[in-house]
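S.K.: Give me the fold of what follows.
(chains A and B)
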Amino acid sequence: QVQLQESGPGLVKPSETLSLTCTVSGGSISSSYYYSSWIRQPPGKGLEWIGHMSYNERPYYNSSLASRVTISVDTSKNQFSLKLASVTAADTAVYFCAGGSSSSKIDFWGQGTLVTVSS
Amino acid sequence: DVVMTQSPLSLPVTLGQPASISCRSSQSLVYSDGNAYLSWFHQRPGQSPRRLIYKASNRDSGVPDRFSGSGSGTDFTLKISRVEAEDVGVYYCMQGTYWPPVTFGQGTRLEIK
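M.R.: Below you'll find the model as predicted:
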């Protein structure tokens, strides 16, 4: 059974870059499922899709974040990563990585990691 | 982007009673292959979401059969036949037909009366 685990700093200063990694275990990122996604949830609020990529396709980003987001995959490490530049307090959220098939897109989630933007 | 609208946003339910959550999309979610890529997720407090239903009516492995999904086009429903204490939390619908982006409903908070 494929499992996902997010890791990265829990505190980021305003204007800096948020960097998170999602490690895939129990299967291969290039064959066990198709899409690797990042989703976030501000405290007490709903879910916002950030973007996704597949190991053999270009990444796609939420248009509201596209100018600041980079998602990449490292198949050798069985990981995918998120970078969000020029963060503000509005980027404070629990960040989830998720995996899914080519049809249903998001099937399973990591446990999530809280990132707080504060000086 | 496809807008997903859930109702109600808050759902107090007595244990053992049924519950129903509606999800409407701003356009039909039926893809050219005939499937509606509509999923339902349940998020318990402090946990990540867990998928219950995919392609509108298919229950995931391990999901109790008291959960059922139905609907097509723009109107979808998640039903719980008899609510149990472990069912509390927030339920989200999500469309994956017109993506990117996937879009989520606002969430429906189920609580026990």
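S.K.: Tell me who's in contact with residue A:62.
M.R.: By C-beta atoms under 8 Å, 6 or more residues apart in numbering or on different chains, the residues touching residue A:62 are A:48, A:49, A:50, A:51, A:69, B:100, B:101. The C-beta positions use only the backbone N, C-alpha and C, and glycine is treated the same way.
S.K.: let's see 7 Å
M.R.: A:49, A:50, A:51, B:101 (C-beta atoms under 7 Å, 6 or more residues apart in numbering or on different chains).
S.K.: Excluding sequence neighbours, find me the nearest residue to the second one.
M.R.: Computed as C-beta to C-beta, 6 or more residues apart in numbering or on different chains, the closest residue to residue A:50 that is not its neighbour in sequence is residue A:38, at 4.1 Å.
S.K.: same deal with the third one?
M.R.: Using C-beta to C-beta, 6+ apart and skipping the chain neighbours, the partner closest in space to residue A:51 is residue A:61 (3.9 Å).
S.K.: Surely that neighbour touches residue A:69?
M.R.: Yes: using C-beta atoms under 7 Å, residue A:61 is in contact with residue A:69, at 4.8 Å.
S.K.: what touches both of those two?
M.R.: Going by C-beta under 7 Å, 6+ apart, residues that sit against residue A:61 and also against residue A:69 are residue A:51.
S.K.: Would you agree the residue nearest to residue A:50 falls within a strand?
M.R.: Yes: under DSSP: H, G, I helix; E, B strand; the rest coil, residue A:38 sits within a strand.
S.K.: Please name the residues that touch residue 92.
M.R.: No chain in the question, so chain A it is. Applying C-beta under 7 Å, 6+ apart, the residues near residue A:92 are A:42, A:43, A:115, A:116, A:117.
S.K.: that's the other chain; I wanted chain B
M.R.: A:47, B:41, B:43, B:49, B:104, B:105, B:107.
S.K.: tally of neighbours for the closest residue to the third one other than its chain neighbours?
M.R.: Okay, so that is residue B:43. Using C-beta to C-beta, 6+ apart and skipping the chain neighbours, the partner closest in space to residue B:43 is residue B:49 (4.4 Å). Residues lying near residue B:49 (other C-beta atoms under 10 Å in any protein chain shown) number 27.
S.K.: From the contacts of residue B:92, pick the one nearest residue B:72.
M.R.: residue B:105 (16.7 Å; C-beta to C-beta).
S.K.: Neighbours of residue B:38, how many?
M.R.: So residue B:38, with other C-beta under 10 Å, has 27 neighbours.
S.K.: For residue A:110, give its distance to residue A:22.
M.R.: Relative to residue A:22, residue A:110 is positioned 6 Å away (C-beta to C-beta, to the nearest Å).
S.K.: out of those two, which sits in the busier spot?
M.R.: residue A:22 (27 against 22).
S.K.: for that one, phi and psi?
M.R.: Residue A:22 adopts backbone torsions of phi -120, psi 120, taken as degrees, to the nearest 10.
S.K.: how about the residues of chain B near chain A?
M.R.: Residues of chain B lying near chain A by C-beta under 7 Å from any C-beta of the partner chain: B:37, B:39, B:48-49, B:51, B:54-55, B:92, B:94, B:96, B:99-102, B:104, B:106-107.
S.K.: run the last query once more with 8 Å
M.R.: By C-beta under 8 Å from any C-beta of the partner chain, the residues of chain B that approach chain A are B:35, B:37, B:39, B:47-51, B:54-55, B:92, B:94, B:96, B:99-107.
S.K.: Among these, name the ones in strands.
M.R.: Using DSSP state E, B:39, B:50, B:51, B:54, B:92, B:94, B:103, B:104 are the members of the residues of chain B next to chain A that sit in strands.
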